[in-house]
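Visitor: Sequence first, predicted model second:
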Amino acid sequence: MLEGLKVIECGHFIAAPFCAKLLADLGAEVLKVEAPGQGDRSRDHGPFRGDLPHPEGSGLFLYLNANKRGITLNLGSAEGRQILDDLLRGADVLIEDHPPQQAEALGLSYATLAESHPRLIVTSLTPFGQTGPWRDRQAYDLNACAISGISWAIGQPDREPLSLPLSQGEYQAGLNAAAATLAALLARKRTGRGQQVDISQTDLLAFYAAVNSLLFTPHALRWHRAGRRAFGSGGRYPYTILPCKDGYVCLIARARPEWERFLQAIGSPSWADDPRYQNRYRMGKEYPDEVDALLLPWLKEHTKEEIFAFCRRHQIPFAPVREIAEVMEDPQLKARGFWEEIDHPEAGRFRSPGLPYAMAPPPTSRRPAPRLGEHNAEVYGQLGVSPETQARWKREGIV
C-alpha cells in the first residue's frame, strides 16, 4: 500500500519507532538510524528471553522495529550530519523525537531541512511540542499523563492518581503521528511541498481528557476517579469489575433488560425484587459496594470462562478479565491471525503481535528488527561510499 514511500527514523524508545513501524507495516521502506555502539535505548528494555538482557533480544525493540532496515550514524559529528542529509535527498518522510533546540543543533529542524528538502515531511514527536515555554523540556510518559490531566481519572477514588498503563501515552503519540503523516503526504500531492507534523504527547493526552471533561463541566460536575467502576454506564449499575472463582470478570448491563435477564439467570435471588435494587442509578451512585456484596457469592462459585459462556447464552455482556498469557491463547485473536511467528538471527523464533487491523490482501511481514548497524554496508554502498571510507567512518565513530 505504501510501497515506494521512503522513511528515515531518528527516534528512540516507543513513540517515534511505533509511528515508523505503522508505516513500515503498510509497505513503506523505513530506515532506522541509531547511535553507534549503543543504539536505541529500547534495546535495554525487557522483556528478554530467559530474563537475560541482550541488545539484540529486547522484546520491545524486536516488536517496534520489525520491517525496518537499520544503520548506525553519529549525528553529533559534522560528517554524520552530512551523511544524513545525503540520505534525506531520497526520502519522503523524516520521523524524529529530539527536543526542538537539540534538533536545531543537529540540523534536523524543519526550517533548516525545508530549504534543501522542500518536499520532505518532518514528523516530530516530543513531550510538549515545537512551541510554547516547555518545548525543550524532556519528560517521561508518566509526566505527560500527569500534566495532561488524564491521570486524575485513573485509579481508586481514595488513592493517588495513576498513569495510563503499558506506556499508552507513547503508543498514542505514535499512532496519531502516523495518521497525521499520511494526511501530510496527501496534502503534498496537492501542494507539492512538505510540512512539519508536530506531535505533543501532552497535547494528545490533554485532548482525550478534555473531550471527557466536556461531559461534566456544563453541569458543574467534578470529574473524579472511578477505580474499577467506569463512567461509561452514565452512573447505572453494574459497570464494574469484580472477583470470581479464578480471577476477575467485568460486569456491564447498561440496559435494564440486561440486568433483569442476569437476575433471572442466576435464579432470581430474594433480594432481586427489593425496590432498592431496581433503581440502577442509585445503586451505582449511592451504594454499589452493597450490591457488589450480594453478587460476590454467586461469582465466587464460578470461573471467569464459565461466567463468560453463561452470560453469552443469556445475552448479557459480561466478559472475563484475561491475563496476558490467556490473551495469547484467545480463540478470537487466533482465528483472526493476530499473532505472527518471527524468526530473528539473534533472538530466535518468537510470537509477536501482528497488525491491529485486517486488510485484503493483508500486508506481509518482510523482515525482523535489524541488528545494530546491520545494513550499514548495504545503505552506504547505495550512496556510493567505498568500503575503505566506511571502514574509516567506523574507526572514527561516525558509524
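Guide: Sure thing, it's come through.
Visitor: Next one: the residue nearest in space to the middle of the chain from Tyr63, what distance?
Guide: The chain has Tyr171 as the residue nearest its centroid, 2.2 Å off, counting by C-alpha atoms, centre = their mean. Tyr171 sits 11 Å away from Tyr63, going by C-beta to C-beta, to the nearest Å. Glycine gets a C-beta too; all of them are placed from N, C-alpha and C.
Visitor: do Arg41 as well
Guide: For Arg41, the distance to Tyr63 - C-beta to C-beta - is 15 Å.
Visitor: which one of those two has more residues nearby?
Guide: Using other C-beta atoms under 10 Å as the criterion, Arg41 and Tyr63 rank with Tyr63 on top: 19 against 13.
Visitor: That one - nearest residue in space that isn't next to it in sequence?
Guide: Nearest in space to Tyr63, with sequence neighbours left out and distances taken as C-beta to C-beta, 6 or more residues apart in numbering, is Ser352 at 5.5 Å.
Visitor: can you pull out the strands in the stretch 251-399 of the chain?
Guide: Residue ranges of the strands in the stretch 251-399 of the chain, as given by DSSP state E, counting those that start in this stretch, are 319-321, 339-344, 348-353.
Visitor: Export those as CSV, with columns for mean pLDDT.
Guide: Below are the strands of the stretch 251-399 of the chain laid out as CSV (pLDDT from 0 to 100):
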stretch, mean pLDDT
strand 319-321, 96
strand 339-344, 92
strand 348-353, 92
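Visitor: Tell me which of those is the most buried.
Guide: strand 319-321 (a mean of 17; mean count of other C-beta atoms under 10 Å).
Visitor: where does this structure dip in pLDDT?
Guide: Where the chain drops to pLDDT under 70, the residues are 212-235.
Visitor: how near is the residue of it positioned farthest from its centre to Arg43?
Guide: Relative to the centre of the chain, the most outlying C-alpha is that of Ser270, 46.4 Å out, by C-alpha atoms, centre = their mean. Going from Ser270 to Arg43 by C-beta to C-beta gives 61 Å.
Visitor: Using the three-state scheme, assign Thr181.
Guide: Assigned state for Thr181: helix (three-state reduction, DSSP: H, G, I helix; E, B strand; the rest coil).
Visitor: Isn't it up against Leu94?
Guide: No - Thr181 is not in contact with Leu94 according to C-beta atoms under 8 Å; the separation is 10.1 Å.
Visitor: Overlap in contacts, the two.
Guide: With contacts taken as C-beta atoms under 8 Å, 6 or more residues apart in numbering, Thr181 and Leu94 have Ile121, Thr123 as neighbours in common.
Visitor: show me the contacts for the residue nearest to Tyr63.
Guide: Leu62, Tyr63, Ala66, Trp339, Glu340, Glu341, Ile342.
Visitor: how does it look with 7 Å?
Guide: Ser352 makes contact with Leu62, Tyr63, Glu340, Ile342 under the criterion C-beta atoms under 7 Å, 6 or more residues apart in numbering.
Visitor: And those residues, which is closest to Arg276?
Guide: The closest of the contacts of Ser352 to Arg276 turns out to be Tyr63 (C-beta to C-beta; 49.8 Å).
Visitor: now the closest one: how far from Phe18?
Guide: Distance from Tyr63 to Phe18, counting by C-beta to C-beta: 9 Å.
Visitor: Sketch out the helices for the stretch 101-250 of the chain, chain order is fine.
Guide: Remark: helices assigned in the stretch 101-250 of the chain by DSSP state H, counting those that start in this stretch are 110-116, 141-148, 168-191, 201-213.
Visitor: okay, the strands of the stretch 251-399 of the chain in CSV with distance to Ile266 next?
Guide: Formatted as CSV, those follow (distance: least, C-beta to C-beta, whole Å):
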stretch, distance to Ile266
strand 319-321, 17
strand 339-344, 35
strand 348-353, 36
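Visitor: Tell me how many other residues surround Ser268.
Guide: Applying other C-beta under 10 Å, we find 11 residues neighbouring Ser268.
Visitor: should've said Gly27
Guide: Neighbours of Gly27 (other C-beta under 10 Å): 16.
Visitor: likewise Asp141?
Guide: Using other C-beta under 10 Å, Asp141 is surrounded by 23 other residues.
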